[in-house]
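Trainee: My questions are about this predicted structure, shown below with the sequence.
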Amino acid sequence: MNLQEGKEKFIQSWGALGSNWGINRTMAQIHALLLISPKALSADEIMEELQISRGNANMNIRALIDWGLVYKELKTGERKEYFIAEKDIWVVFQNIITQRKKRELEPMLKVLDEISSVEGEELDAEEFQKIIREIKLFSNKADSTLDRLVKSDSNWFVGTFMKMIR
């Protein structure tokens, strides 16, 4: 496999993985392209490489910037904007966790707080309250674990992970 084939395979695979992160395939493909690019790329270069529209490129680049996965880079004498990916994979991992937590887990915790005060003495209400308490307990533990993970450094994570799998 030559370099170009390897790049294409990586971009396609990262795009498929992106849907598991909660982002669309094109956004993940742009991230992959910028991740493996040795230099910052303009929106035009991204569009050409991935065969996507300007609107699609711009919308997804802005989203990647919001996620903290891509940065804008200004070049002296250039009017175009250039973009480069965060290259530290640990920072990428932390940013993805932070964004997913903010978009998925925190709204769910808010809903659980709101519905945990449902009243009633009948069997249905008791069962509802019990399940909500269990989900809330698990969700709060997941939330605090993710907080610790985001605040930790990669050496701590790798060491802890290795201890868990032994």
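Mentor: Looks like it arrived, so ask away.
Trainee: What is the biggest helix by length in the chain packed up against?
Mentor: For the chain, the helix that runs over the most residues, judged by DSSP state H, is helix 123-151. Using 3 or more Cβ pairs under 8 Å, 6 or more residues apart in numbering; DSSP states H and E as the contact definition, the elements that helix 123-151 packs against are helix 89-100, helix 106-115. Backbone N, C-alpha and C define where each C-beta goes, glycine included.
Trainee: Quick one: those helices as JSON lines, columns for distance to Asn2 and mean neighbour count too.
Mentor: As requested, the helices and strands packed on helix 123-151 are arranged in JSON lines below (distance: least, Cβ to Cβ, whole Å; neighbours: other Cβ atoms under 10 Å):
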{"stretch": "helix 89-100", "distance to Asn2": "24", "mean neighbour count": "16"}
{"stretch": "helix 106-115", "distance to Asn2": "44", "mean neighbour count": "13"}
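Trainee: Roughly how far does Leu64 sit from Ile132?
Mentor: 36 Å (Cβ to Cβ, to the nearest Å).
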